[in-house]
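1. Fold the following and give me the result.
(one chain, ligands or ions: 1)
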Amino acid sequence: MNITFRQLRIFESVARNLGFTRASRELHLSQPAVSMQVKQLEEAAGLPLFEQIGKRIYLTDAGGEMLRYARAILELIDEAGEVFEDMRGQEGGYLRLAVASTANYFVPRLLATFCQRYPRAQVSLDVTNRQQLLQALADNSADLVIMGQPPTGMDLVADTFMDNPLVAISSPDHPLAGQRDIPLQRLQQETFLIREQGSGTRSATERFFSQHGLSLSSTMEMSSSESIKQGVEAGLGLGLLSVHTLEMELALKRLCILDILELPIHRYWYIMHRSGKRLTAVARNFRKFVVEEGKGLMNLPAASENGRGSS
Ligand code: PGA
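-> Predicted coordinates for the structure are as follows:
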């Protein structure tokens, strides 16, 4: 059907007012102009939309159907207008956020506060490992990325907003739990549950051990911090994870942080985007919010906590 939004608006006004004169006044158009548009719509439908009985006009059945569709279409058009207005404005719009799986332990909390402040912001959150994040930056499928270390060799704007200490963990009944000042070498005898290739935690761990001239003799690979924590708790081995992943297990005393002399590994969280990228208002607001307030919203376990004194 070859019809225009203008015809639908005029028709809706005539149908609501049940009168061409009243519609023409409402729309500030001449009455012949209104009649002409309705006539064209009737031609497009191939059916009369109004009938006149005496001095009054009535909607035909076809007119009733046309009114239903016209209202649905016009509502959608108005809604689209509001969405674009939001996107142009300061508060609304869309944010594609991609974060390292380790950051997923705190990012939803940041989003909750942010979305309360900007209720019209629409956010999608993609949680994946570091390697996939680098891909998201490269192919521009994320507006902002949160991860442990900005990659080299990519032109990025990156701001750090919080510490990200990596600590060694064990189950509370492990022989090392509760010991003080354990030398790093001692860990070589232990089985370590380590993250998958492509994980930032994994590469930081490997770098750390090789910087100290050590290699782990026994490892078991697991693809999430969650499974590492479960495994460590069950006594499968030790783990080295960001303290951000441990809040609940430490509070419930299901895991403890080992007091290793050379640990924690000091890392930081960064929020970043490709330089030259045009950030939407919501992305700009979120970035500013994270940098200025992110850390203050966290309630972190201390990296030196080791479960001693637990009962
Ligand atoms: P990961 O990321 O979840 O890939 O280990 C953490 C990081 O980038 O440090």
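
2. Which helix or strand contains residue 10?
-> Residue 10 is part of helix 5-17 when elements are defined by DSSP states H and E.

3. which strands and helices sit next to the helix or strand that that helix is followed by?
-> Next helix or strand after helix 5-17 toward the C-terminus (DSSP H and E): helix 20-27. Applying 3 or more Cβ pairs under 8 Å, 6 or more residues apart in numbering; DSSP states H and E, we find helix 20-27 packed against helix 5-17, helix 31-45. Quick note: C-beta positions are derived from backbone N, CA and C, even for glycine.

4. Which stretch among those approaches residue 298 most closely?
-> Among the helices and strands packed on helix 20-27, the nearest to residue 298 by Cβ to Cβ is helix 5-17 (49.2 Å).

5. Now stretch 174-184: average pLDDT?
-> Stretch 174-184 carries an average pLDDT of 93.

6. and if you look at stretch 206-218?
-> Averaging pLDDT along stretch 206-218 yields 90.

7. That one near the ligand at all?
-> No - legend: contact between stretch 206-218 and the ligand by Cβ under 6 Å from any ligand atom is lacking; minimum distance shown is 11.4 Å.

8. Convert that stretch to PDB, retaining C-alpha atoms only.
-> Listed next in PDB are the C-alpha coordinates belonging to stretch 206-218 (Å, rounded to 0.1, in the frame of the first residue of the first chain):
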ATOM      1  CA  GLU A 206      52.300 -16.900  34.100                       C
ATOM      2  CA  ARG A 207      54.200 -13.600  33.800                       C
ATOM      3  CA  PHE A 208      54.500 -13.300  37.600                       C
ATOM      4  CA  PHE A 209      55.900 -16.800  38.000                       C
ATOM      5  CA  SER A 210      58.400 -16.500  35.200                       C
ATOM      6  CA  GLN A 211      59.600 -13.100  36.500                       C
ATOM      7  CA  HIS A 212      60.400 -15.000  39.700                       C
ATOM      8  CA  GLY A 213      62.100 -17.700  37.900                       C
ATOM      9  CA  LEU A 214      59.500 -20.300  38.800                       C
ATOM     10  CA  SER A 215      57.300 -22.600  36.900                       C
ATOM     11  CA  LEU A 216      54.300 -24.400  38.200                       C
ATOM     12  CA  SER A 217      54.800 -28.200  38.100                       C
ATOM     13  CA  SER A 218      51.200 -29.300  38.400                       C
END
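
9. Does anything pack onto the helix holding residue 10? Which helices or strands?
-> By 3+ Cβ pairs under 8 Å, 6+ apart, helix 5-17 packs against helix 20-27, helix 31-45, helix 61-88.

10. and the direction of that helix versus that of helix 20-27, what angle?
-> Orientation note: helix 5-17 sits at an angle of 120 degrees relative to helix 20-27 (axes from the mean of the first three to the mean of the last three Cα atoms, to 10 degrees).

11. So for helix 5-17, mean pLDDT?
-> On average, helix 5-17 scores 95.

12. Ok, stretch 117-125 next?
-> Per-residue scores along stretch 117-125 average to 89.

13. Identify all contacting residues around it.
-> By Cβ atoms under 8 Å, 6 or more residues apart in numbering, the residues outside stretch 117-125 that reach it are 86, 91-99, 107-108, 111, 114-115, 282, 285-286, 289.

14. about what we covered before: winner for burial among the helices and strands packed on helix 20-27?
-> Among these, helix 5-17 has the highest mean neighbour count (mean count of other Cβ atoms under 10 Å), at a mean of 19.

15. Please write out the alpha-carbon positions of it in PDB.
-> Extracted in PDB, the C-alpha atoms of helix 5-17 (Å, rounded to 0.1, in the frame of the first residue of the first chain):
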ATOM      1  CA  PHE A   5       2.500   9.100   7.600                       C
ATOM      2  CA  ARG A   6       0.900  12.400   6.900                       C
ATOM      3  CA  GLN A   7      -2.200  10.700   5.500                       C
ATOM      4  CA  LEU A   8      -2.400   8.500   8.600                       C
ATOM      5  CA  ARG A   9      -2.100  11.500  11.000                       C
ATOM      6  CA  ILE A  10      -4.900  13.300   9.100                       C
ATOM      7  CA  PHE A  11      -7.100  10.300   9.000                       C
ATOM      8  CA  GLU A  12      -6.600   9.600  12.700                       C
ATOM      9  CA  SER A  13      -7.700  13.200  13.500                       C
ATOM     10  CA  VAL A  14     -10.800  13.000  11.300                       C
ATOM     11  CA  ALA A  15     -11.700   9.600  12.800                       C
ATOM     12  CA  ARG A  16     -11.200  10.800  16.400                       C
ATOM     13  CA  ASN A  17     -13.100  14.000  15.800                       C
END
